[in-house]
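> need a 3D model of the sequence below.
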Amino acid sequence: MATESDRDELGANENAAASEDVPFINAESRSPVVRGKDHWRERTITIPGLSDRGNVFFAAIEMTRMPMILTDPNLPDNPIVFANKAFLDLTLYESDEVLGRNCRFLQGAESDREAVAEMRHAVEARESVALEILNYKRDGTPFWNAVFIGPVFDVNGDLLYFFASQLDVTKRRETEQFLRQSQKMEAIGQLTAGLAHDFNNLLQVIGGSLELASSRIEDDRVKRHIQNAMHAATKGAKLTGQLLAFARKTRLTPKTVDVSDCVQSFVDVLESALGPDVDLHLSLRRGLPKIHLDADQFEMAVLNVVMNAKDAMRGGGLVTIATGKLHLNGDAQARQLPSGDYVTLEVMDEGEGMPPHVAQRATEPFFTTKPTGQGTGLGLAMASGFVQQSRGRLEIESEPGAGTTIRMLFPVSVQDEDDVPPQKPDSVERVAQDEKSASKAHILVVEDSPEVLALSREILADAGYRVSTAASGDEGLKALRQLVETDPVDLLFTDLVMPGSLNGIMLAEEAAKLVPGIAILMTTGYNEQLVSDGPKTISQDVIGKPYRPKELLDRIDQALRNRGSAGQARRRRSDYGHAEA
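Predicted coordinates:
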């Protein structure tokens, strides 16, 4: 133990160092130390041995929650000679199971060899070291251990012990890993959404042009080639739709549903998809709280997860779908969700399972372990994107040889219904609108893509509409102002995302001021939060790209017919909210 004179000398040295802020040699430390900038790297004691354990210092060491041990480098293999209760609590070992053993029994298959070598080198060099390493408890549970190791000398400079403290930093490491993964997926999602937006513009031109060409060609052979090309364009549109689902840019139409009833409603589809070699077991809890989601997208997400389960059981097996209720309180933050009640849906299989490094990447787009040509790698990515867009979370539990459980968590809805309020009859106004539609209204098309603009103009002009065009929101507003006196615009058909000072939402708001009662139809390659954040006084109808000519004409006609109902009450905004990246 340090003597009183030692402590007095130590205090003097510390005060001098503190006043000068320069390195000093501590009486109990063999290394230069800058006060407040370094850790005690080693210690010197005057009374060696561990027999006297009746003083306050040993009591404090036993009572502290910080795991601590001492090893004796003078004995073969540098064994543990002291371990406090906190160390035993952390590792789940008993005292007689650790005393006399080298600390390497805490290491395992995933322990970093370089970290192990760094600790070994520090011990051999009689130096201190601080690092984090993956260790294993007695029951095999891995944990991240923040280890500090330092030598303990006697007054003659002889090495007596190595002191080591541990700290379980598993939660922090998992949080950091989750944050890194979230940032990576966010970056991938932004890139994916941007690519899908541009690709949808290209598909719009390809598909629309092919359909127009098909209607004007009589040669059956040429028509067949065009139909093949149109089929490929449709598959491309489906692919971009999956990418947008992953990126959480899909425009959803949520409603209040009972998740058990929702699953029961498409059991036939699930059984058909699984085939004769895979049995389906349902464990659907009745009376669950209602949740708010898009039922069609939910069915697609569940179907994708079920198909993944089927592919994991090449020789057949059992897939179980279970629903239940979960309350998150203290563990909500760890799951990156608000506290409260959630409804869960689990899909469990008896397949091969996934190792941790595969499960960690399972929701990345285009990541797949299936053979080439047997999967796009978008199934779980799309399901994960949908669940997150529905304010929930998708979790994966899997071990090699033990199957996989995919769990979806959805927040309980706080409203009972989401019905559209009944609209008052407006038969007189509708007759006038029908006549206006029949006489082919004046439409202003605003689109920044020249190819899409030309195609839209041709589709509408062929249908008999009078069409004006603009290549940006600013040009569109200028055209509206010029036409308001001479030939007012009946319908504004505008792209949502455009360069310049006015996007589609802002242009629509200005158009509603200039031309009261104007019909508005928007289009976009992906539907983002601008749609839900826009003004409430105008129509918020949106048609997604790529659209077929007939679909566009139907939506144009519908928008013109609904002009009179633009000011009527619309449905109450749900607690579900809008798409968020």
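
> buried residues in the helix or strand encompassing residue 121, which are they?
Assigned by DSSP states H and E, residue 121 belongs to helix 113-124. By neighbour count on 16 or more other Cβ atoms under 10 Å, the buried set for helix 113-124 is 115, 119, 122-123. Every residue, glycine included, has its C-beta placed from N, CA and C.

> and it, what does it pack against?
In terms of contacts (3 or more Cβ pairs under 8 Å, 6 or more residues apart in numbering; DSSP states H and E), helix 113-124 is packed against strand 129-136, strand 142-154.

> swap the cut-off to 10 Å and go again
For helix 113-124, the packing partners by 3 or more Cβ pairs under 10 Å, 6 or more residues apart in numbering; DSSP states H and E come out as strand 129-136, strand 142-154, strand 159-165.

> so which bits of the first one are buried?
The reference is to strand 129-136. Buried residues in strand 129-136, counting neighbours by 16+ other Cβ under 10 Å, are found at 129, 131, 133-136.

> and of the residues you listed, the nearest to residue 213?
Distance to residue 213, by Cβ to Cβ, is smallest for residue 134 among the buried residues of strand 129-136, at 61.5 Å.

> I'd say residue 288 and residue 322 touch.
No - Residue 288 is not in contact with residue 322 according to Cβ atoms under 10 Å; the separation is 11.4 Å.

> quick revisit: need the CA coordinates for the helix holding residue 121. CSV is fine.
Once side chains and other backbone atoms are set aside, the C-alpha atoms of helix 113-124 remain, and they are given as CSV (Å, rounded to 0.1, in the frame of the first residue of the first chain):
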residue,chain,number,x,y,z
ARG,A,113,-7.3,-12.1,-33.4
GLU,A,114,-5.6,-8.7,-33.8
ALA,A,115,-7.0,-7.5,-30.5
VAL,A,116,-5.9,-10.7,-28.8
ALA,A,117,-2.4,-10.2,-30.2
GLU,A,118,-2.4,-6.6,-29.0
MET,A,119,-3.2,-7.6,-25.5
ARG,A,120,-0.6,-10.4,-25.6
HIS,A,121,2.0,-7.9,-26.8
ALA,A,122,1.2,-5.4,-24.0
VAL,A,123,1.5,-8.1,-21.3
GLU,A,124,4.8,-9.3,-22.7
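
> name the surrounding residues that touch that helix.
In this structure, residues lying in contact with helix 113-124 by Cβ atoms under 10 Å, 6 or more residues apart in numbering are 71, 73, 78, 103-104, 107, 112, 127-134, 145, 147, 149-151, 159, 162, 164.

> pLDDT weak spots in the stretch 401-550 of the chain?
415-439, 526-540 (pLDDT under 70).

> at 50 instead, please
By pLDDT under 50, the low-scoring segments of the stretch 401-550 of the chain are 417-438, 527-539.

> where along it do the helices fall?
427-438, 450-462, 473-486, 504-514, 530-533, 549-561 (DSSP state H, counting those that start in this stretch).

> related to what we said a few turns ago, what would the helices and strands packed on helix 113-124 look like in CSV with mean pLDDT and distance to residue 293?
Conversion of these to CSV gives the following (pLDDT from 0 to 100; distance: least, Cβ to Cβ, whole Å):
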stretch, mean pLDDT, distance to residue 293
strand 129-136, 93, 38
strand 142-154, 92, 35
strand 159-165, 92, 48
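
> would CSV of these with distance to residue 458 be doable?
Formatted as CSV, these follow (distance: least, Cβ to Cβ, whole Å):
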stretch, distance to residue 458
strand 129-136, 63
strand 142-154, 62
strand 159-165, 75
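
> which one of those lies closest to residue 265?
Using Cβ to Cβ as the measure, strand 142-154 is the one of the helices and strands packed on helix 113-124 that comes nearest residue 265, at 41.9 Å.

> and residue 172, how far from residue 343?
Noted for residue 172: a distance of 30 Å to residue 343, by Cβ to Cβ, to the nearest Å.

> so for the two, which residue has more residues nearby?
Taking residue 172 and residue 343 together and counting by other Cβ atoms under 10 Å, residue 343 has the greater number of neighbours (25 against 13).

> do I have it right that that one meets residue 259?
Yes - under the criterion of Cβ under 10 Å, residue 343 is in contact with residue 259, at a separation of 5.3 Å.

> return every residue with contacts to both of those two.
Any residue near both residue 343 and residue 259 by Cβ under 10 Å, 6+ apart counts here, and that gives 285, 288-291, 293, 323-324, 408, 410.

> could you check how far stretch 460-478 is from the centre of its chain?
Stretch 460-478 has its C-alpha centroid displaced from the chain centroid by 39 Å (Cα atoms, centre = their mean, to the nearest Å).

> check which residues of that stretch are buried.
By neighbour count, and taking 16+ other Cβ under 10 Å as the criterion, the buried residues in stretch 460-478 are 460, 463, 465, 467-477.

> check stretch 542-561 too.
Of the residues in stretch 542-561, those buried under the neighbour-count criterion (16+ other Cβ under 10 Å) are 542-549, 552-553, 555-557, 559-561.

> greatest separation within those: which pair is it?
Put simply, by Cβ to Cβ the two of the buried residues of stretch 542-561 set farthest apart are 546 and 561, 24.1 Å from each other.

> now, which of the buried residues of stretch 460-478 sits nearest residue 337?
Out of the buried residues of stretch 460-478, the one with the shortest distance to residue 337 is residue 473. That distance is 37.7 Å, counting by Cβ to Cβ.

> and the gap between the closest one and residue 543?
Separation of residue 473 from residue 543 (Cβ to Cβ) stands at 18 Å.

> now do residue 484
Here residue 484 is placed at a distance of 25 Å from residue 543 (Cβ to Cβ).

> and if you look at residue 172?
Separation of residue 172 from residue 543 (Cβ to Cβ) stands at 47 Å.

> for residue 478, same thing?
Residue 478 is 24 Å from residue 543, where distance means Cβ to Cβ.

> try residue 56
When Cβ to Cβ is applied, the distance between residue 56 and residue 543 equals 77 Å.

> now do the host helix or strand of residue 208, average pLDDT.
For residue 208, the host element (DSSP H and E) is helix 170-214. Averaged over helix 170-214, pLDDT sits at 72.

> where do the helices sit along the stretch 251-400 of the chain?
In the stretch 251-400 of the chain, the segments counted as helices under DSSP H, counting those that start in this stretch are 259-265, 267-274, 295-312, 356-361, 379-389.

> re the thing from before, as CSV, the buried residues of stretch 460-478 with distance to residue 215 would be great.
As requested, these are exported to CSV (distance: Cβ to Cβ, whole Å):
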residue, distance to residue 215
460, 15
463, 12
465, 17
467, 19
468, 24
469, 22
470, 27
471, 27
472, 31
473, 32
474, 35
475, 31
476, 29
477, 34
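
> most widely separated two among the residues you listed?
The farthest-apart pair in the buried residues of stretch 460-478, when distances are taken by Cβ to Cβ, is 463 and 474, at 27.5 Å.

> and for the nearest residue to residue 269 once chain neighbours are set aside, the neighbour number?
Counting by Cβ to Cβ, 6 or more residues apart in numbering, the nearest residue to residue 269 once its immediate chain neighbours are dropped is residue 303, at 6.8 Å. If you count neighbours by other Cβ under 10 Å, residue 303 ends up with 16.

> any idea how far residue 58 is from residue 303?
When residue 303 is compared with residue 58 (using Cβ to Cβ), they lie 63 Å apart.

> so which elements touch the helix or strand encompassing residue 61?
Assignment of secondary structure by DSSP H and E places residue 61 within helix 56-63. Using 3+ Cβ pairs under 10 Å, 6+ apart, the elements in contact with helix 56-63 are strand 68-71, strand 80-83, helix 85-91.

> CA atoms of it as PDB?
Taking only C-alpha atoms (Å, rounded to 0.1, in the frame of the first residue of the first chain), the coordinates of helix 56-63 have been written out as PDB:
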ATOM      1  CA  VAL A  56     -12.000  -0.600   3.000                       C
ATOM      2  CA  PHE A  57     -10.300  -0.800  -0.400                       C
ATOM      3  CA  PHE A  58     -11.000  -4.500  -0.800                       C
ATOM      4  CA  ALA A  59     -14.600  -3.900   0.300                       C
ATOM      5  CA  ALA A  60     -15.000  -1.200  -2.300                       C
ATOM      6  CA  ILE A  61     -13.600  -3.500  -5.000                       C
ATOM      7  CA  GLU A  62     -16.000  -6.200  -4.100                       C
ATOM      8  CA  MET A  63     -19.000  -3.900  -4.000                       C
END
